[in-house]
Structure formats: C-alpha cells, structure tokens
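Fold the following for me, if possible:
(one chain, ligands or ions: 1)
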Amino acid sequence: MPSLNRHTLHQLPERGVRVPGADRQHLTPGVLHLGLGAFHRAHQALVFDQLLQAGHRHWGVHGVAMRSTTLADALARQDGLYAVQVASQQGLHWQVPGALLRTSVAAREPEVVRQAIAAPGTRWITLTVTEKGYTSELAALLRQGLAERQQAGLPGLTLASCDNLSDNGRRLQALCTAEPGALSDWITAHCAFPNSMVDRIVPAATPERLQAARQALGLDDDGALGTEAFWEWVIERRFVDPDDGPALASAGVTVVDDVRPFEEAKLRLLNGSHSAMACLGAVLGLAVIADCIGTPAIRQFVHSLMSHEVAPHLSRRDWPAYRDALLARFGNPELKHSVHQIATDSSQKIPLRWPPSAERQLAAGQRISHLAFCAAIYLRYLRGVNELGQPYTVNDPLAEPLQALARQHAGDAAATVRALLTQPALWGPSLPQDARWTRAVQQHLERIQAVGALAALHELNAA
Ligand code: CS2
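Sure, this is the predicted structure:
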C-alpha cells in the first residue's frame with residue numbers, strides 16, 4: 001500500500017477526512033517544537049494548522065524529537081503528514097494536519113536544532129519534553145541557539161513550555177537564565193516565557209490504530225494517532241509579539257493573565273486521577289483507563305477523591321462541571337489509554353499531582369484517606385507484579401532504587417512505608433514528617449496486601 005505523503009494526499013477519501021488547505025510548499029517554519037511525541041502532534045499541531053488555514057503564514061512547525069529517530073524519520077518520509085482519528089460523541093473522524101513542515105532529531109543533529117533556533121523566521125519555541133526533560137542539556141541547546149540570535153541582532157523568541165509542570169514557563173526561564181551573564185540578561189530582556197496549560201488525552205499510537213488508519217485512508221501512515229474531541233490550551237498573555245495573543249485566541253486558545261487556576265485544576269484533578277487509576281489498573285491487571293473508570297468502585301473512589309480531597313483547594317470555581325466532564329472523558333472507549341503509559345515516570349509526576357492536595361487537606365485538618373490510598377497503591381505498584389502474578393515493567397528514571405526497596409520490603413507495609421514514603425523527591429519535605437499521612441498510607445497498604453486492591457477500595461468507599 002502506498003504511504004501518506006504530499007504526492008498521495010489527493011488519494012485520501014474525500015468524505016470524512018479533513019486535509020491541509022494551506023499551500024505548504026511555500027511556508028517557512030515559524031515554530032520550533034521540541035518533543036515530537038503524540039501529544040504535540042494531536043494538540044498544538046492542530047491549532048497551528050488552523051492558523052495556517054486562516055492565512056497566518058508563520059505558524060508552520062519544525063518538529064524536533066529529542067532522541068528517538070524512528071518517528072522523526074518516518075514523518076520526514078511522509079512530508080510531515082500524518083492522520084489523527086478524533087473520537088467524539090458523534091463518532092469518529094480523521095484529520096490530516098499540515099502544520100508539520102520539517103523534522104529533526106536533537107541527539108543526532110544538534111547543530112540543525114541550534115540553527116533553527118537562530119533562524120530569522122523562527123518566532124516561537126514550544127516544548128513538550130516531559131517532566132524529566134528540563135535538564136542542563138536542554139538549557140545548553142537553547143542557550144547556544146539564543147546566543148546566535150543575540151549575536152546576529154535578531155529579535156528574541158517566545159518560548160512556551162507545554163509540559164504538565166506547575167509554573168512551566170517560569171521554570172523554563174529559570175533554566176535558560178541560571179548562568180548569570182550577558183546572554184542571560186539578553187534572554188530576560190528579549191524573550192518571553194508564558195506559563196501554559198495544555199490538555200488533550202492522546203494515547204501513544206498502537207498497531208491497531210495504524211491498522212485503522214490504513215483501512216480508513218487507503219494509505220500507510222506510520223504517524224497515525226487517536227485522540228478525543230476535547231482540547232484546551234490556556235496560555236499566559238506574555239509574548240514577544242503581542243499580536244500572537246489575538247491570533248491564538250482566534251484558533252480557540254484561551255489567553256489569560258494568570259494560568260495558575262487552570263493549571264492547578266488540571267494537574268490535580270485530571271493528572272492526579274490519571275496517576276491513581278494508572279497504578280490501580282496496573283496492580284489489578286486492567287489494561288486501559290476506560291476499564292478503570294468502568295469499574296464502579298474505582299469510579300466512586302475517583303469521584304470522591306476529586307470532590308472531597310482535591311477540589312476544596314482549587315481556585316477554579318467551576319470544578320463540579322470540570323470533574324464530571326473528566327469522568328466522561330476517562331470513560332471514552334475509543335481512546336484505549338494504557339495504564340502503563342500513564343504510570344511511566346510516576347516518580348516525576350506524583351510530586352505535582354498528589355502532595356499539594358494532601359498538604360492542604362492536612363493543614364486544614366481535613367481527611368486524606370483517598371490521597372493516602374493513591375500513595376499506598378503506588379507503593380504496591382512498584383513491586384512490578386500485578387495481583388494475577390503477572391510481571392510488568394516500571395518505566396521510570398528512579399525505577400531501580402525504588403523497586404529494589406519495594407521488593408526488599410514486600411509484604412511488610414510498615415517497612416515499605418518507612419523506606420519509600422520518606423523520599424522527599426516524591427513527597428516533598430513536610431508529608432513524610434506527618435504521622436497522620438504515614439499512618440493512613442500504611443493502613444491502606446496493609447489492607448491492599450491482606451484483601452487485594454479492589455476489596456481494599458470497597459472498604460474505603462464504604463467507610
Ligand atoms: C497523563 C497525561 O501520561 C500522563 O501522565 O496523565 O498525558 C494526560 O493524558 C494529559 O496531560 C491530558 O491532557
């Protein structure tokens with residue numbers, strides 16, 4: 001079967017597949033995107049595609065994979081074209097965005113990335129490099145490119161971190177300007193680092209999705225993805241070019257003065273529930289999030305966790321509607337969002353997702369039973385074997401030390417809690433010191449070990 005590319009684009013079925021309208025050949029990328037994973041390609045790339053369709057010519061994307069070459073090269077062979085299957089309540093449709101104009105791999109060709117940062121046509125850098133990607137290597141790469149811009153007398157850039165981190169723009173700014181000197185001064189004076197909150201559930205591609213693409217498109221597409229209809233991008237009004245705000249808003253982006261209320265609600269309600277279900281699902285042997293939320297005891301647990309232990313500390317007032325929309329999104333049967341994908345890098349995700357709520361509940365003298373259950377199921381998850389006796393891989397930069405401790409103390413809840421709940425990198429400085437917290441986690445872990453995770457959850461729901 002021929003592959004999707006600019007020569008075969010016209011072979012796509014006319015009905016049910018939206019194709020790029022803009023004349024892509026004459027576009028120069030204005031956006032350099034770092035982190036060419038599924039999320040960017042099914043979220044921001046579609047926003048930029050919409051802007052291109054509306055005639056804003058500088059939103060084409062040069063997409064950079066940080067390490068892996070396979071996808072970037074496959075997309076290069078397809079002229080940056082790939083199909084996204086959107087699952088809404090009205091059914092499924094396919095869309096081929098045209099925003100991705102070029103791809104590179106940072107580890108293989110750092111000079112190409114540096115040149116792209118320094119290219120006169122580049123106006124924005126967007127990043128989805130994941131929680132663990134904010135390293136000194138990233139800072140060095142960005143600073144080298146920005147130094148060339150400075151020397152060439154070019155304008156600064158808007159650098160938008162779009163990772164699930166609180167204050168992501170400020171964090172990126174701090175990383176890029178950590179070394180004092182003329183370059184950092186120039187970056188501070190000429191570049192903008194808006195905070196932003198991005199949201200769309202985009203599972204990693206699966207062989208089944210690629211097969212569905214083949215069937216629907218009549219073409220091979222190694223970059224095909226599936227996602228939900230919902231998407232949200234809330235960005236702080238802080239741009240080098242002030243016209244970018246209205247342009248983004250015209251494509252459905254929410255431009256605000258303060259992203260924090262949106263980011264808090266999303267990290268703690270959506271991502272916090274995701275991480276809890278991911279660990280629970282892995283331990284119970286459930287494959288995807290829809291299986292978890294389809295289990296009444298888990299649904300009740302997540303509903304209660306959000307309503308009574310997370311939402312009380314959010315400044316977003318519309319949280320009941322937000323929570324109910326999330327429960328419906330988690331149940332989308334088409335997404336097939338793997339629990340193991342979400343559990344990946346849990347040690348980097350948990351600190352932003354659970355402890356902020358637990359700390360606030362404890363400070364207010366309120367209950368932490370459900371948050372403590374999240375921690376307990378994570379400790380059980382680290383053993384790397386589910387309740388059916390099937391092993392699974394814990395993908396995490398800290399997998400080795402954490403799993404060694406979990407296995408060493410397996411079966412002994414008190415020792416597990418002593419060894420693993422005292423890691424400040426995961427739980428912050430104050431929670432490990434709070435006996436109410438450690439006691440609750442230990443009690444849940446004891447019940448999980450004694451009667452199994454689902455029965456322990458039933459007990460919690462009934463309490
Ligand atoms: C998920 C997120 O994998 C994860 O950690 O919680 O990727 C989640 O699907 C997105 O943030 C939704 O916007």
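
does the residue of the stretch 1-150 of the chain found nearest the ligand belong to a helix or a strand, and which?
Using C-beta to the nearest ligand atom, the closest approach of the stretch 1-150 of the chain to the ligand is made by residue 39 at 6.5 Å. Where C-beta positions appear, they are placed from N, C-alpha and C, glycine not excepted. Residue 39 is part of helix 38-42 when elements are defined by DSSP states H and E.

Only the buried residues of that helix, if you could.
38-42 (16 or more other C-beta atoms under 10 Å).

quick one: residue 206 and residue 336 touch, right?
Yes: here residue 206 reaches residue 336: they are 6.9 Å apart, a contact under C-beta atoms under 8 Å.

For the spatially closest residue to residue 331 that is not a sequence neighbour, give its distance to residue 282.
Take residue 331 and drop its neighbours on the chain: the residue closest to it by C-beta to C-beta, 6 or more residues apart in numbering is residue 293, 5.0 Å away. Separation of residue 293 from residue 282 (C-beta to C-beta, to the nearest Å) stands at 15 Å.

more crowded one of those two?
Using other C-beta atoms under 10 Å, the more surrounded residue of residue 293 and residue 282 is residue 282, with 28 against 23.

just to revisit the earlier point, what's the spatially closest residue to the residue of the stretch 1-150 of the chain closest to the ligand that is not a sequence neighbour in contact with, if anything?
Leaving aside its sequence neighbours, residue 39 sits nearest to residue 202 (C-beta to C-beta, 6+ apart; 4.9 Å). Listed by C-beta atoms under 8 Å, 6 or more residues apart in numbering, the contact partners of residue 202 are 38-39, 41-43, 225-227.

just residue 386 next, same as before
Counting by C-beta under 8 Å, 6+ apart, the residues that residue 386 touches are 282-285, 392.

ok, now residue 273?
Contacts of residue 273 by C-beta under 8 Å, 6+ apart are 302, 305-306, 326, 330.

Which ones among those residues map onto helices?
Cross-referencing the contacts of residue 273 against helices under DSSP state H gives 302, 326, 330.

can you give me the helices in the stretch 351-463 of the chain?
355-363, 369-381, 399-408, 413-420, 424-427, 435-451, 453-462 (DSSP state H, counting those that start in this stretch).

what's the least confident stretch among these?
If you rank the helices of the stretch 351-463 of the chain by mean pLDDT, helix 424-427 sits at the bottom with a mean of 93.

Spit out the contact partners of the residue lying closest to residue 450 once chain neighbours are set aside.
Nearest residue to residue 450, sequence neighbours excluded (C-beta to C-beta, 6+ apart): residue 456, at 7.8 Å. Shown in contact with residue 456 (C-beta under 8 Å, 6+ apart): 373, 444, 447-448, 450.

cutoff 7 Å now
444, 447-448 (C-beta atoms under 7 Å, 6 or more residues apart in numbering).

rewinding a little: specify which member of the contacts of residue 273 is nearest to residue 11.
Closest to residue 11 out of these is residue 330 (36.4 Å), distances taken as C-beta to C-beta.

Please report how far that closest one lies from residue 243.
Distance from residue 330 to residue 243, by C-beta to C-beta: 37 Å.

Please say which of the two ends up with more neighbours.
Neighbour count, other C-beta under 10 Å: between residue 330 and residue 243, residue 330 has more, with 23 against 9.

which residues sit in contact with that one?
289-290, 293.

Let me know the distance separating it from the ligand.
10 Å (C-beta to the nearest ligand atom, to the nearest Å).

Give me every residue in the protein lying close to the ligand.
Counting by C-beta under 6 Å from any ligand atom, the chain comes close to the ligand at 164, 199-201, 270-271, 274, 341-342, 349.

from those residues, which ones fall inside strands?
Of the positions in the residues of the chain next to the ligand, residue 199 sit in strands, assigned by DSSP state E.

Just the buried residues from the residues of the chain next to the ligand, in PyMOL please.
Buried subset of the residues of the chain next to the ligand, written as a PyMOL selection, criterion 16+ other C-beta under 10 Å:
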select buried, resi 164+199+200+201+270+271+274+341+342+349
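
Could you export the residues of the chain next to the ligand to JSON lines, including columns for pLDDT?
JSON lines is the format used below for those (pLDDT from 0 to 100):
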{"residue": "164", "pLDDT": "95"}
{"residue": "199", "pLDDT": "98"}
{"residue": "200", "pLDDT": "98"}
{"residue": "201", "pLDDT": "98"}
{"residue": "270", "pLDDT": "98"}
{"residue": "271", "pLDDT": "98"}
{"residue": "274", "pLDDT": "98"}
{"residue": "341", "pLDDT": "97"}
{"residue": "342", "pLDDT": "98"}
{"residue": "349", "pLDDT": "97"}
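
which one of the residues of the chain next to the ligand sits closest to residue 5?
residue 200 (25.5 Å).

Nearest residue to that closest one in space, ignoring adjacent ones along the chain?
Spatial nearest neighbour of residue 200, excluding adjacent residues (C-beta to C-beta, 6+ apart): residue 231 at 4.1 Å.

Using CSV, write out every CA atom in the helix holding residue 39.
This file holds the C-alpha atoms of helix 38-42, laid out as CSV (Å, rounded to 0.1, in the frame of the first residue of the first chain):
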residue,chain,number,x,y,z
ALA,A,38,2.0,12.0,20.2
PHE,A,39,0.7,14.9,22.4
HIS,A,40,2.1,17.8,20.3
ARG,A,41,1.0,16.2,17.0
ALA,A,42,-2.6,15.8,18.1
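
Now do that helix: distance to the chain's middle.
In terms of C-alpha atoms, centre = their mean, to the nearest Å, the centre of helix 38-42 is found 10 Å from the chain centre.

got the contact list for it?
Residues outside helix 38-42 that contact it (C-beta under 7 Å, 6+ apart) are 33, 82, 84, 128, 200, 202, 204-205, 223, 225, 227.

Which of the residues you listed has the largest number of neighbours?
Compared across the contacts of helix 38-42, residue 33 has the highest neighbour count, 27 neighbours, by other C-beta under 10 Å.

Which pLDDT value goes with that residue?
On the pLDDT scale, residue 33 gets 98.

about what we covered before: between the residues of the chain next to the ligand, which is nearest residue 115?
Looking across these and measuring by C-beta to C-beta, the closest to residue 115 is residue 164, at 29.4 Å.

how about the closest one, what does it touch?
Residue 164 makes contact with 131, 267, 271, 352, according to C-beta under 7 Å, 6+ apart.

try 10 Å
Residues near residue 164 by C-beta atoms under 10 Å, 6 or more residues apart in numbering: 39, 128, 130-131, 197-199, 263, 266-267, 270-271, 274, 348-349, 352-353.

got it, and residue 112?
62, 64, 102, 104-106.

Good, wrapping up.
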